[in-house]
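**Q** just coords:
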């Protein structure tokens, strides 16, 4: 499944890059992210908690920075699982900066796959929850940039 959004923010390129290069700050904009800690320069461990349909999911996720193009893009991948056997494969989280019509353009793409009981809920339930997360993540990124 893929989530994507693009929007303009009245921020400088340096402000946007400072946010994107601070993965813990970006992660805390993601609804349900309870914690994130650096393992080394390119690896992180995060804890996500979400209610999806009838399930309350608490998942530990390992994240790796795969690419970094300074001032333009950060690409992250990862995977995680919970104690109930649900698994997440994050193929790609790409955070991109580009010139916008009113300030800086911010774009992101999240490509992920769910396995286990979560996947059995059906794509409509997952898509609805994913869309809620996308909308809230965008709001939080905009608010975080407004405060920097």
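**A** Yes, it's here. This is a predicted model, so every value here is computed, not measured. Residues are numbered from 1 along each chain as shown.
**Q** What residues of stretch 23-39 count as buried?
**A** Neighbour-count burial for stretch 23-39, counted by 16 or more other CB atoms under 10 Å, picks out 23, 26-33, 36. Heads up, the C-betas are built off the backbone N, CA and C, glycines and all.
**Q** Now do that stretch, average pLDDT.
**A** Averaged over stretch 23-39, pLDDT sits at 93.
**Q** Could you do stretch 121-137 as well?
**A** Mean pLDDT, computed over stretch 121-137, is 85.
**Q** Contacts for stretch 56-73, please.
**A** Under the criterion CB atoms under 8 Å, 6 or more residues apart in numbering, residues 13, 17, 21, 23, 27, 36, 41-51, 74-84, 86, 88, 90, 92, 94-98, 118 lie in contact with stretch 56-73.
**Q** Next step: the residues you listed restricted to helices.
**A** Assigned to helices by DSSP state H, the following of the contacts of stretch 56-73 qualify: 13, 17, 23, 27, 118.
**Q** Same list (the residues you listed) but as JSON lines, adding distance to residue 106.
**A** Formatted as JSON lines, these follow (distance: CB to CB, whole Å):
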{"residue": "13", "distance to residue 106": "11"}
{"residue": "17", "distance to residue 106": "11"}
{"residue": "23", "distance to residue 106": "15"}
{"residue": "27", "distance to residue 106": "16"}
{"residue": "118", "distance to residue 106": "28"}
